[in-house]
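Q: no sequence for this one, just the structure:
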């Protein structure tokens, strides 16, 4: 990271930033093209590593790419705002406030039903704040749940 003064390394602070993000963007390599997909997510920390869960249709480009090339890059951000520095009234006198996380890892499809339900619970909890949900078995079987196991990530903020 070029701007070490903006790097966030405190795990509690990183967890707070992730908790306020509403979208995680996955970047796939697809035969010389980059394919980026914005997704809602839920997450858990296991053995000091983040695991992000997502859900979607069982077919399509995203699912084809997970099967073909599970190594991905990702990005999420929150609290973006542009403001004037010292009351400046010129374009170059402005800067942006933000918090962002970038990283990479491996995607996989969740096949075990209990982990699939857990992933769906985490997605619902992150997006609604509610922890208790019941899932109709037919609906659970109708969607694909997939997960990102983070291999490395960095966090940055400009307050």
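A: In hand now; what should we look at? Note that the structure is a prediction, hence the values are computed from the model and not measured.
Q: contacts, neighbours, all on C-alpha from now
A: OK.
Q: Wait, a strand at residue 121?
A: No - per DSSP: H, G, I helix; E, B strand; the rest coil, residue 121 lies outside any strand segment and is helix.
Q: Pretty sure it sits against residue 133.
A: Yes - contact status for residue 121 versus residue 133: in contact at 6.7 Å, counting by C-alpha atoms under 8 Å.
Q: okay, these two: which has more neighbours?
A: Between residue 121 and residue 133, counted using other C-alpha atoms under 10 Å, the more crowded position is residue 121 (21 against 11).
Q: Just list the residues touching the residue nearest to residue 9 when sequence neighbours are not counted, thanks.
A: Taking C-alpha to C-alpha, 6 or more residues apart in numbering, and ignoring the residues beside it in sequence, residue 9 has residue 155 as its nearest neighbour in space, at 7.0 Å. Residue 155 makes contact with 7-9, 14, 99-102, according to C-alpha atoms under 8 Å, 6 or more residues apart in numbering.
Q: Can you tell me which of these is nearest residue 77?
A: Of all these, residue 77 sits closest to residue 100, with 4.1 Å by C-alpha to C-alpha.
Q: Secondary structure element holding the closest one?
A: Assigned by DSSP states H and E, residue 100 belongs to strand 94-109.
Q: For burial, what's the neighbour tally of residue 135?
A: Residue 135 has 10 nearby residues by other C-alpha under 10 Å.
Q: where does it fall, phi/psi-wise?
A: Phi and psi for residue 135, reported as degrees, to the nearest 10, are phi -120, psi 130.
Q: Now it: closest residue in space, sequence neighbours ignored.
A: Residue 135's closest residue in space is residue 117 (C-alpha to C-alpha, 6+ apart), at 7.6 Å.
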